[in-house]
Every structure is written in C-alpha cells, then in structure tokens.
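Q: only geometry, no sequence info:
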C-alpha cells in the first residue's frame, strides 16, 4: 500500500484553477507535523499561501517557475533554527510527508528549491519570515492538469544495492 503511494509521487508543474479545500490543506500540514524530527524537537512551522499577489511575490523572489503562480496553494515549510538540531533534514522529511499525502488526495505537488543567500533573503522579505527560520523549498500544490505517470518496476535498479560492503 505504501509503495503504491510512493510510486505515484511524481513532480507536477501544471495545475487546474480549482481551489484546494481548507480541510485538505489541513491534512497536508498534519502529515508534515507527523514527520519525524531530530531529537523530536518539532521545530517546523508553515505558511499557507493562496493569495495571487503573495504567490507572485514568491515567484519573483525565486528562480521563476510558472507553477508557483499557477498553483492554487503554496505551502512554505520552515524550521526554527533556534530549536532544530537538524533543520534541513526535518524539513525534507516533512516535505516528503506532504507530498505523499498530496498524492494520496490526488493532488499534484512539486518541490521548488529555495537557494541559500539572496533567494532566502528575498523570500523572507516577501513573507515576513524571521531570520531564525530556515526555508529550503516551497511546495506549489493543486489539482493536476494531468497526473504524471507512476514509477514502474522497470525503473527499479537492483545493481545499486550493495550487501555488507561496496
């Protein structure tokens, strides 16, 4: 069952204009909050963006990608670096949980990377994110214009498995 959800989790960069119900967005955040965090510090917080002007500001702060302004909702996961012992790892795990739950809900999702430095600062300014919060990605989410093809067993490569030693 889980492997089926994982095989269907693919990047989606084209969304319908249909809004995502608040109850589904809450499910996505719940999935993120249930992700493991280093030392169980739970340093994660989230910004939910649905306003078109705010989505445009995110788009302008990052390397431009149309899916950012096209998606009905953007989730911005953040880790409080004053609390987290491994903020990047915590964010990556939470992101994967969001993505898997989105797939389960038949929503499309894509990881839009936020580079350290200038992009990080522009995004902070656009969203009012405090300096002690790290952002590694934003997640455009919505109903896909078409579902990407799931992975298949043909893409599994057993030659990349090493037993006991390299």
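A: Everything's here; your move. Here the structure is a predicted model, which is why all the values come from computation and not from measurement.

Q: paired strands for the longest strand seen in the chain, with orientation please.
A: Criterion DSSP state E: the longest strand present in the chain is strand 73-80. According to DSSP bridges, strand 73-80 has the following sheet partners: strand 44-49 (antiparallel), strand 133-134 (antiparallel), strand 137-142 (antiparallel).

Q: buried sites along the first one?
A: Going back to what we said before, that points to strand 44-49. For strand 44-49, the neighbour count (16 or more other CB atoms under 10 Å) marks 44-47, 49 as buried. Backbone N, C-alpha and C define where each C-beta goes, glycine included.

Q: right, and the helix or strand after that strand?
A: helix 52-61 (DSSP states H and E).

Q: contacts for that following helix?
A: 49, 65, 68-69, 71, 74, 76, 119, 122-123, 125-127, 138 (CB atoms under 8 Å, 6 or more residues apart in numbering).

Q: just stretch 81-95 next, same as before
A: The set of residues external to stretch 81-95 that reach it, using CB under 8 Å, 6+ apart, is 32-33, 35-39, 41-44, 77-80, 111, 132-137, 139.

Q: could you work out the end-to-end span of that stretch for me?
A: One end of stretch 81-95 to the other measures 17 Å (CA to CA, to the nearest Å).

Q: measure residue 111 to residue 44 for me?
A: Counting by CB to CB, to the nearest Å, the separation of residue 111 from residue 44 is 16 Å.

Q: who's the residue nearest to residue 29 when sequence neighbours are not counted bridged to?
A: Nearest residue to residue 29, sequence neighbours excluded (CB to CB, 6 or more residues apart in numbering): residue 46, at 5.6 Å. On the basis of DSSP bridges, residue 46 is bridged to residue 77.

Q: give me the pLDDT for residue 147.
A: Listed pLDDT for residue 147 reads 82.

Q: which SS class is it?
A: Using DSSP: H, G, I helix; E, B strand; the rest coil, the structure places residue 147 in coil.

Q: run a quick neighbour tally on it.
A: 13 (other CB atoms under 10 Å).

Q: surely it meets residue 108?
A: Yes: using CB atoms under 8 Å, residue 147 is in contact with residue 108, at 7.4 Å.

Q: any common contacting residues for these two?
A: Here residue 147 and residue 108 have residue 12 as joint contacts, going by CB under 8 Å, 6+ apart.

Q: perfect, I'm done here.
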